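> What shape does this take:
(4 chains)
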There are 2 protein chains.
Amino acid sequence: MSFNEKQTDILLAAEKLFSTQGFDSTSVRDIATEANVNVAMINYYFGSKDGLLDSFFEWRIPDFMIDTEELSFMECSLEKIDKMIEKYIKAMNSHREIYRFIAIESSLKRRMLLSEPFSKLKIHNLSTISTIINEGIAKGVFSANNNPTLIHSMMMGTFMNFQMNQVFLQEQLGIESDDDYGIYIETTLTHFIQTTIKALLTYEISM
Amino acid sequence: MSFNEKQTDILLAAEKLFSTQGFDSTSVRDIATEANVNVAMINYYFGSKDGLLDSFFEWRIPDFMIDTEELSFMECSLEKIDKMIEKYIKAMNSHREIYRFIAIESSLKRRMLLSEPFSKLKIHNLSTISTIINEGIAKGVFSANNNPTLIHSMMMGTFMNFQMNQVFLQEQLGIESDDDYGIYIETTLTHFIQTTIKALLTYEISM
DNA sequence: GTTTAATTTAAACAAGTGTTTAAATTTGCT
DNA sequence: AGCAAATTTAAACACTTGTTTAAATTAAAC
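Residues are numbered from 1 along each chain as shown, chains lettered A, B, ... in the order given. Got it, this is the predicted structure:
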């Protein structure tokens, strides 16, 4: 599904407001004003406010799909783990606020139907890391008894925690600007997650 | 601050609705109906809907404070880490839905003022783990170059990820009921986090 | 028992919500 | 150019929102 220019204007406006205020406290009039269009255009193009959210998910979620192309050529090793994690964090960090918004909205029971594309994304990304880890275990490169689902949860959770507690963590870590925070995520935090997972995969008495 | 019986009725009703629907999409009339009180009582006792949220934070957040009493008598060791993590997860898992709600609401920029008590909680809990880890590093029990803030983020994030993706993870892990999910968190997930942190603290080339 | 204060109620308030309508305008096509 | 379809508009719709009001009821104090 593709969107025309006016639809994209609306989606961009919605993105800005959704990610800072959440879905419920953003009105269609707010979105219309931000996008410089008439209120009725939102219903004209997306049917309803919920339809807009639906389209928003469709529109943005592909950005968070991990590209497995490059990884498929690599031999199974700790370096491959490093590379994969780097790709993961980069993909999610490129649209930080939006990822947080999607994760929050799809966690509310009321919006379970809308979270289906998000579920698809999670399955895809989980299978990417699972394949690599299971292959490494099979080849004896990584220690057994490692649960890929738990490792994946740990990685995603650590990243998400940085999204949801930005104000708190910026202060704790002495980071001045939002840009620096993004850089911190792509360097120090990425390295931390890499270290953690490698520590687990080489930890003998693991689990 | 303490609350009378009627106020507690309202808070319990709000808790139920907030945690499943979020703050914005829960109306004061919904809460009043659920609590079997007149709508005006909410404004009478809490001033406003925002005031209710404020009181809700005050009311529930103390439950998530880690009790450091027992830990203070323990010698610094990996066992102490295990014990601390167990206490952490137990405290948060005892009111899972509510912790998720608090974390989500205070992550929205609009509600930063209201999240101050939550910030206090995070500082308290972070300092608990920081103290133990730093002590261990100083004594040479744990490997240096470990950042307590990052380890704390990892632990909290992993737990939160389990709250926010319950539907997805229940399916992935083949867990049938909500109760079993809670049990999984207090056993397998707790053990995983313990293992991960111990792996990090004993990982030589760490960071 | 009377009076004062606290509680509870139903009704109304004004503002905001998502959505629809029907007319106006623009666009694309022959 | 003329016609039909698509787009855009302002206005209205019906409904919900949080909050307030003023009267009614209950509780507490003397």
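
> Output the longest helix belonging to chain A.
Ranked by residue count, the top helix of chain A under DSSP state H comes out as helix A:116-138.

> what's downstream of that one, the next helix or strand?
Using DSSP states H and E, the helix or strand that directly follows helix A:116-138 along the chain is helix A:148-164.

> Run the chain-centre distance for the host helix or strand of A:Glu70.
A:Glu70 belongs to helix A:69-72 when assigned by DSSP H and E. Offset of helix A:69-72 from its chain centre (CA atoms, centre = their mean, to the nearest Å): 19 Å.

> One more: stretch A:134-150?
24 Å.

> now check that stretch, is it near chain B?
Yes: judged by CB under 8 Å from any CB of the partner chain, stretch A:134-150 comes into contact with chain B through A:Asn147, A:Thr149, A:Leu150. Bear in mind the C-beta positions are built from the backbone N, C-alpha and C, glycine included.

> can you pull the buried residues of the lowest-mean-pLDDT helix or strand in chain A?
Lowest by mean pLDDT, DSSP states H and E among the helices and strands of chain A is helix A:69-72, with a mean of 84. By 16 or more other CB atoms under 10 Å in any protein chain shown, the buried positions in helix A:69-72 come out as A:Leu71.

> which residues are in contact with it?
Applying CB atoms under 8 Å, 6 or more residues apart in numbering or on different chains, the contact partners of helix A:69-72 are A:Lys80, A:Lys83, A:Met84, A:Lys87, A:Thr128, A:Ile132.

> which strands and helices sit next to the longest helix of chain A?
Packing partners of helix A:116-138 (3 or more CB pairs under 8 Å, 6 or more residues apart in numbering or on different chains; DSSP states H and E): helix A:49-60, helix A:78-93, helix A:96-107, helix A:148-164, helix B:166-173.

> if we go to 10 Å?
helix A:49-60, helix A:69-72, helix A:78-93, helix A:96-107, helix A:148-164, helix A:190-201, helix B:166-173 (3 or more CB pairs under 10 Å, 6 or more residues apart in numbering or on different chains; DSSP states H and E).

> Other residues contacting the first one?
It refers to helix A:49-60. Helix A:49-60 is contacted from outside by A:1-3, A:7-8, A:10-12, A:14-15, A:18, A:23-24, A:26-28, A:31, A:42-43, A:45-48, A:95, A:98-99, A:101-102, A:105-106, A:111, A:113-118, A:120-121, using CB atoms under 10 Å, 6 or more residues apart in numbering or on different chains.

> tell me, which of these make contact with DNA strand C?
A:Thr26, A:Ser27, A:Val28, A:Ile42, A:Asn43, A:Gly47, A:Ser48 (CB under 7 Å from any atom of the strand).

> Give me the buried entries from those residues.
Buried members of these, scored by 16+ other CB under 10 Å, are A:Thr26, A:Val28, A:Ile42.

> residues near the residue lying closest to A:Glu186 once chain neighbours are set aside, how many?
Of all residues beyond its chain neighbours, the one nearest A:Glu186 is A:Asn93 (5.9 Å), with distances taken as CB to CB, 6 or more residues apart in numbering or on different chains. Applying other CB atoms under 10 Å in any protein chain shown, we find 19 residues neighbouring A:Asn93.

> Would you mind confirming that A:Asn93 is in contact with A:Leu189?
Yes: if you go by CB atoms under 10 Å, A:Asn93 and A:Leu189 touch, sitting 9.0 Å apart.
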